[in-house]
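Trainee: Got a predicted model here, sequence first, then my questions.
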Amino acid sequence: MNILALDLGTSSVRGLVLDADATPRPGALARRKVRLRTGEDGTGTLDGRAYLACLVECLDELAAGGHLRDVELVAASAQWHSVLPLDAAGEPLGPVLTWMDTRPEPLPGAPGPVDPEAYHQRTGTWWHRCYWSVRLPWLRERAGAPIGRFVGLVEYVLGALLDEAPMSVSLASGTGLLDLRRLEWDVEACELAGVGPEQLPALAPRQWHGRLRPEHARRWPQLAGARWTAPVGDGAASNVGSGCVDASRAAVTVGTSAAVRLVQAVPAGGELPPLPGQLWRYRVDHEHVVTGAAYSSGGNLYAWATRNLRLPEGAELDAALARTARDLRVRADPRFGGDRPPGVAPAGSGELRGLSFGTTAVDLLAGLMTGLCRLVADDLTLLESGGDGPTEVVLGGGAMAGSAWWRAAFVDALAPRSVRYQRNPEVGATGAALVATGRVAAAADLAGIGRTDEPHAPNTVAGAPPG
């Protein structure tokens, strides 16, 4: 049996084929970049129709290469928090708001939760611009036509391909409208959002499976009999794909953005552990929760520096970073894209301090990368506060694959913890496949976790770019 794993991210759409053990098949990867529209006002949107076209192109490429043979299961890792208003016919009424969009704000006079702490413990979220409790009223005020219902980007694109596309409990938890224990839409959160269940996606039951619509089964006959499983939020999938599936091991993932997270086994209806006030909590699936903190900056810091600074390349950059580390003069606030919840700093909140006429472009890059390391270290301490002490940490993601120096900086910032590195760059897709096959616990023994000082970490998927 083969597994088709989709990674429906913010900067790209990827499809890759894994074997029954969730190991990527060499060369069986298709990738399309997507155009994220950003602006100084905090805009962060995607075009839903263009995104769907990118996914279709990936599937066409895999089919043309003969890679979809023997695929029996389709799993997906998908971005949390996105929202798209649809009209009565199911057509988009505008662009998709992604997690990067910092424009939404509560409407004047909106009351907020009656008991914010109870709300936080119940939904794992806050009354915040990142969540549908604030986003839906804000979108409704700006809609040029009546809104029939709201979906996430994932439900929109899968809804175009499958016989049905309910929202998984993992994706629903990222809306901020889900009761994490009862796994039902939270009454108070829905009241704040101004919606009833009829305007929200149906929730996928345990062990849900979908099938391609007939016209798409004719286009990709190799997938005609494949079962599509409920998508997993990208952060949760990355934890599983990094081998971090219990409270003894935390994942620090740096792709376009960054996050630090812990997974715990908490079945539906089970008592949720206390949640620290500065951390969020979402669902991996019906059996597990993930707790952590996220940051708008990650690999995009490196991309910004590459685009705007005259940096050296390759070994020359590595050597310059190593020299800079001995005398790190620049201190940075890396919040270029603003705060993720619960913070409310707007886009454009990044800062650089300690500049002089001797400051180099490499100094700026090192300051930014180290600034993110410090944020992660502080939040990891919060994550550990309910446990037995420091956890082991596994680094992962495309940005970690691309910079041995950044891995070493995390080792320093997270000391005295043991810090290791997951070499597989496709942790999201791998994690989604493991969740889909019911092997979350087995992920603790994943191969590929090794030392952080490997200068050129091998890519286990031939032709797969980092990030």
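Mentor: Perfect, I can see it now.

Trainee: now the end-to-end length of stretch 153-171.
Mentor: 10 Å (Cα to Cα, to the nearest Å).

Trainee: quick one: buried residues of that stretch?
Mentor: 153-162, 165-171 (16 or more other Cβ atoms under 10 Å). For the C-beta atoms, the positions are set from N, CA and C on the backbone; glycine is no exception.

Trainee: Same check on stretch 441-449?
Mentor: 443, 446, 448, 449.

Trainee: Stretch 179-191 too?
Mentor: Buried positions in stretch 179-191, judged by neighbour count with 16+ other Cβ under 10 Å: 179, 180, 181, 183, 185, 186, 188, 189, 190.

Trainee: Switch those residues over to a markdown table; also include secondary structure.
Mentor: What follows is the buried residues of stretch 179-191, written out as a markdown table (DSSP: H, G, I helix; E, B strand; the rest coil):
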| residue | secondary structure |
| --- | --- |
| 179 | strand |
| 180 | coil |
| 181 | coil |
| 183 | coil |
| 185 | strand |
| 186 | coil |
| 188 | helix |
| 189 | helix |
| 190 | helix |
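
Trainee: Looking at the residues you listed, which one is closest to residue 125?
Mentor: residue 189 (8.1 Å; Cβ to Cβ).

Trainee: so that closest one makes contact with residue 120?
Mentor: No: at 11.1 Å, residue 189 does not count as touching residue 120 under the criterion of Cβ atoms under 8 Å.

Trainee: Need the three-state assignment for the residue of the chain most remote from its centre.
Mentor: For the chain, the largest distance from the centre (Cα atoms, centre = their mean) belongs to residue 357, which lies 38.5 Å off. Under three-state DSSP, residue 357 falls in the coil class.

Trainee: phi, psi of residue 366?
Mentor: Phi and psi for residue 366, reported as degrees, to the nearest 10, are phi -60, psi -40.

Trainee: What's the separation between it and residue 317?
Mentor: Distance of residue 366 to residue 317, computed by Cβ to Cβ, to the nearest Å: 10 Å.

Trainee: Same drill for those two, tell me which one is more crowded.
Mentor: Remark: of residue 366 and residue 317, residue 366 carries more neighbours, 26 against 17, as counted by other Cβ atoms under 10 Å.

Trainee: In contact with that one, which residues?
Mentor: Residues near residue 366 by Cβ atoms under 8 Å, 6 or more residues apart in numbering: 321, 324, 325, 328, 330, 405, 409.

Trainee: Contact partners for the third one?
Mentor: Okay, so that is residue 325. Counting by Cβ under 8 Å, 6+ apart, the residues that residue 325 touches are 366, 405, 408, 409.

Trainee: Tell me the buried residues within those.
Mentor: Using 16+ other Cβ under 10 Å, the buried ones in these are 366, 405, 408, 409.

Trainee: Restricted to helices, list the residues you listed.
Mentor: Among the buried ones among the contacts of residue 325, the members falling in helices (DSSP state H) are 366, 405, 408, 409.

Trainee: Okay, the third one and residue 439: tell me how far apart.
Mentor: Right, the one you point to is residue 408. With Cβ to Cβ as the criterion, residue 408 and residue 439 are 32 Å apart.

Trainee: Fine, thanks again, bye for now.
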